[in-house]
Structures are given as C-alpha cells and as structure tokens.
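>>> here you go, sequence then predicted model.
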Amino acid sequence: MKSSNSRPSRVATNPFVHELKFTIPQAIQIGLMSVTVFPVRLLLVASLMLLAWPFAFVASLGRSDFVVEPPSWWMSAIDLCLRVIMRAMWFCGGFHWIKVKGQRAAPTEVPILAVAPHSSYFDAIPVTLTMCSIVGKLESRSIPVWGTLISYVRPVFVFRSDQDSRRKTVEEIKRRALSGGAWPQIMIFPEGTCTNRSGLILFKPGAFIPGLPVQPVVLRYPNALDTISWTWQGPGAFKLLWLTLCQPHNPLEIEYLPVYTPSDAERGDPALFANNVRKLMARALQLPLTDLSFDDREISLSRGPLRIHDYSGLLEFNRLACRLRPRAGRTDKVLEEQARRARKLQADGLSAEDFAQFLDLPLTDTLARVHSLFDQRGDGLIDARLYVIALSTAHRPSQSLETLKLAFEMYENEETGDVLRRDLAAILEIMLGVKNVELSSLFSSLKGPHRATITYDELCHFIEHHPSFVEDYLNFENHPRHRPKSNGRHKDD
Ligand SMILES: *[C@@H]1O[C@H](CO)[C@@H](O)[C@H](O)[C@H]1NC(C)=O
C-alpha cells in the first residue's frame, strides 16, 4: 500500500508500550525496599482504602443519578473525611508531597477540566484531591471497595454494551456542564487511554462538544525510574504498585493551566477545539504530538506470527476507511461478502468509479483517497482484493491468520487451492505494511526453489513451526534483521 503524500506520517513510534529497565543500584534498592518498606506501606494503603469505603458507601446511599441533592453539613463532613483519608493513603504510598501549580477555576466558571497525559491509575490522585467527577466504564462500579470510591465522585458512566453509548455519554457530560455549577466539575482524560507519556495522542471530542470553556490540567511524574506508566503492553497493575511502593518518594506535579475559552470556530468544530487544547498542553509539557488515537492501539499493538511491522500506512488507511463506513458496520460477514465479490473480479483493475460501485458508496474525496492508496502502478486502476486484505487487517489486527485465510480465498486456484508466489508477496505486503516482500527463503525451505505456488494449509503449517517466520524467512525493505542478498544458504531469484 502506498501512503498518501498529503500528510507526513508522524507515527513512527508506539506510546502504548512501556519497557521497564532497571540499573543495578535500582534493582538493589527495590530488593531492599521489598522486604522492608513495601509490606508496611501496602498494609497502610490497604487499610486506608478500607477505611474510606464506609464513608463513600454511606454518602452514595439514596443518591439519584439525575439530580444533585442540596448541600448539607453531613455531606460536607463525609467529603472532608474522605479527602483526608485519601490524601493519607497516597502519602503512605510514597506521594509525600504533591506539587500543585496554578489555580483551579471554580465550577461555575469552568465545568470541565481536561487532564493529560493519562498514563496510569495513579492519575486518580488529582481526582481524589479535588473530588471531581470522572468519565468511566460502568464495569468499574463493581470493583470491590475501589468501585464504591469511584461511585462517590458521581462518574459519568459509559455503557460499553450500548450501541448508542457514545452519544449518551456526551449528552450527560453536556447536561452536567450546563448545570451552572450545581454538579461537580468533571475531570476528563481526553486521550481516553493510557500512554507512556512520550507524547500526547489525539483527544476524543467528548469534553469539547459542549463548546464550553475548559481548564487544561497537565500531570508530570518526574521520577528517575518510571514505575507509574500503565500501558497496554508493559508491567501490570500489581507490579507497578509494588515498584511504586518501593520508591523512597514518588514525585507528582499537577499544573492547572489558564482557562481556555473556545472561539466561535472552535465551538462549531469540537475536533478543532480539542486539537488546539492538545497543542497548548503539549507545549506546556514540552512533549510532541503523536497522531495516534485510542482506536489505533490495536493496530499498533498487533500480535501473532504475522503482526504488522510498519503500521503507519494501515493506520492512515483505517482512518479513511472508518470515515467511509463506521467501524461498527464492519463485521466478519461484511468482510466475507466483499471478499466474495473481489474474488469474482480477480485482477480486473477498478477505477475510482468502479471502486465506489464495488463499495456501494458515492464517489467522495475520501473514497478517492482510499482508492489511490492501492493504485500501485499509478494507472488509476486497483485490485479490490488488496483493499479487502487491508480492511480485514485493520479490523482484526491480531487475528492475522483469519485475514490470511480470507486472502487465500480470494487468490487461490479453485481446484488446487494454490496461490501464486507473487500473489502471496502482495498479500503479505499489505498485511505487514511493508514493501518489496521477497519469498525465496520461504519457498526454498518449503519445496525447493522451483515451486511457484503454495496452499493455505502449507503456509499455516510452516508458520506454526517457525514462530519467527517473518524475521527468518521473509525479506523486505527495512527488514529488522536485514540479511545480505548474497547469503549463501538462500537462493535468490
Ligand atoms: C514510550 O513511547 C515511545 C514512542 O512514543 C517509545 O519510543 C519509547 O520507547 C516508549 N518508552 C518506553 C519506556 O517504553
């Protein structure tokens, strides 16, 4: 797949991973702390959390999800107790002093605080310091103890199972934001997922759709050893807790930036509003912008024997494809159906008009751009099968064998189930996101150099027995372990 030249790709790195490496002194320190300070801290933290529970539980009795009750002295008393207990809990966890810069604006002035970068469950600290509401998964309510504490801050729940959930969540945020300070302020982590704080990923628009002023808040954890980042790939929750409790002190800085009032243009365009706030926060943090979003993490973290090697082209494709047809409308059945039609077309080149017809969509700019991504010879004609492979890869990045099967169904000879070597190369180019795939090593280990075809079962069997198949048997541009072409063991064509 070509990448369009309209926008430079800024997605060479992956902020959804966190690789933790210790120096020897750090390892010794953790060893010593593990048998001394750690058990004491863990006990204190756990006791304080248990102590907080009855307060949160009592406070949430008889509460309605739709109205805020009038202020009362006993609610204020409970709130004060909870704040003290939570602060003591973080203190025992090593967050002895927390630097707060800037001024938090009053709820009547700004209903929404946009907090970034989101990197960990320790980001609950600013929430418990302010007792702001948050936006969270409904499931989190049923976590023992912690779930009750979450419920205490009156979160806006996201109903994952509900088709309409995104709209409902945004509506609820809007309703509360327009209450003129009756509801608590809402802290939103607009990135919507945790990263390793190496850059700011794209913001979701929820916090910006109401078009009201927001206060940006930036978080910094200036620790030498990053025991905080809790990303999709990296140490798990308990390991991070353990390592964090084994640090003498965990520094945290919360900075309230000046309130940002949207312009008329930004009010009309939440994505523009979100992006401008993101830029401003990135400047305050001195971090780069990373043009990845929450929805991209599956593609950038694909697993399996045929995991995606260079995902920038597929990410771009996916963004365009989602604009053509929302992700929800992309089921396995739709893929099967498109594959069936693409198979019928075989190598017939489709012009942009034909492609629009193939997709049953009007010919728009976006559609033309998707079309141009597959125009490999530059003659304005594309092979629809390549589009289906890209769609399947983007749809289920970690089920590469399913995609491979679908691809074979489109390319194989009906009688023998064979796929030509050059077709397999084209399939793998799309699936791995690479160029100039070269299969001589594979074919010579498989059947001798004279074979020119392969079946799905043969290939699957081979991949099963060679877990690092891509590294050892394929060659392509920018291969991670680039082998010289004159390697004597392999015959090139
Ligand atoms: C964090 O993400 C960046 C890419 O944005 C990556 O280069 C870096 O290695 C990651 N850091 C860790 C500690 O994994």
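The structure has been received and is ready for your questions.
>>> now the protein, which segments are flagged as low pLDDT?
For the chain, the stretches with pLDDT under 70 are 2-13, 160-163, 328, 447-449, 482-493.
>>> pull the longest helix from it.
Secondary structure of the chain per DSSP state H: the longest helix is helix 37-60.
>>> now for the helix or strand just after it, which elements pack on it?
Once helix 37-60 ends, the next helix or strand along the chain (criterion: DSSP states H and E) is helix 73-92. Secondary-structure packing of helix 73-92 (3 or more CB pairs under 8 Å, 6 or more residues apart in numbering; DSSP states H and E): helix 37-60, helix 124-130. In short, each C-beta sits where N, CA and C put it, glycine included.
>>> show me how far the first one is from its chain's centre.
Offset of helix 37-60 from its chain centre (CA atoms, centre = their mean, to the nearest Å): 31 Å.
>>> that one versus helix 73-92: what angle between them?
170 degrees (axes from the mean of the first three to the mean of the last three CA atoms, to 10 degrees).
>>> mind listing what's buried in the longest helix of the chain?
For helix 37-60, the neighbour count (16 or more other CB atoms under 10 Å) marks F38, R41, L44, V45, L48, A52, W53, F55, A56, A59 as buried.
>>> how about the residues you listed in CSV, adding distance to A124?
Below are the buried residues of helix 37-60 laid out as CSV (distance: CB to CB, whole Å):
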residue, distance to A124
F38, 20
R41, 17
L44, 17
V45, 13
L48, 14
A52, 12
W53, 15
F55, 16
A56, 13
A59, 17
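>>> which of those sits closest to the ligand?
F38 (22.7 Å; CB to the nearest ligand atom).
>>> wait, that closest one sits on L243?
No - applying CB atoms under 8 Å as the test, F38 and L243 come out as separate, 9.5 Å apart.
>>> contact partners of the longest strand along the chain?
In the chain, taking DSSP state E as the definition, the longest strand is strand 214-220. The set of residues external to strand 214-220 that reach it, using CB atoms under 8 Å, 6 or more residues apart in numbering, is 104-105, 110, 112-117, 119, 123, 126, 187, 207-208, 252-260, 277, 280-281, 284-285.
>>> next SSE after it?
helix 237-245.
>>> can you tell if that following helix touches the ligand?
No - for a cut-off given as CB under 6 Å from any ligand atom, helix 237-245 has no contacts with the ligand; the smallest distance is 12.8 Å.
>>> which residues are contacting that helix?
With CB under 8 Å, 6+ apart, helix 237-245 has contacts from 20, 30, 33-34, 37-38, 41-42, 45, 93-94, 120-122, 225, 227-230, 235, 250.
>>> who are the neighbours in contact with the residue nearest to W90 when sequence neighbours are not counted?
Residue nearest to W90 in three dimensions, not counting chain neighbours: I125, with 5.7 Å by CB to CB, 6 or more residues apart in numbering. The contact partners of I125, taken as CB under 8 Å, 6+ apart, are W90, F95, I98, L252, I254.
>>> which one of these sits closest to L367?
Each of the contacts of I125 was scored against L367 by CB to CB, and I254 proved nearest at 45.2 Å.
>>> who does the helix or strand hosting that closest one touch, helix- and strand-wise?
For I254, the host element (DSSP H and E) is strand 252-256. The elements that strand 252-256 packs onto, with contact taken as 3+ CB pairs under 8 Å, 6+ apart, are strand 98-101, helix 124-130, strand 214-220.
>>> quick one: strands adjacent to the shortest one?
On the basis of DSSP bridges, the sheet neighbours of strand 98-101 come out as strand 252-256 (parallel).
>>> pull out the buried positions in the strand it pairs with.
L252, I254, E255, Y256.
>>> keep those, but drop any that are not near the ligand.
Okay, of those, nothing touches the ligand (CB under 6 Å from any ligand atom).
>>> let's have those residues in a markdown table, adding distance to L442.
Below are the buried residues of strand 252-256 laid out as a markdown table (distance: CB to CB, whole Å):
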| residue | distance to L442 |
| --- | --- |
| L252 | 51 |
| I254 | 54 |
| E255 | 54 |
| Y256 | 57 |
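>>> closest one of the residues you listed to the ligand?
Nearest member of the buried residues of strand 252-256 to the ligand, counting by CB to the nearest ligand atom, is L252, at 18.3 Å.
>>> having no further points to raise, I will conclude here.
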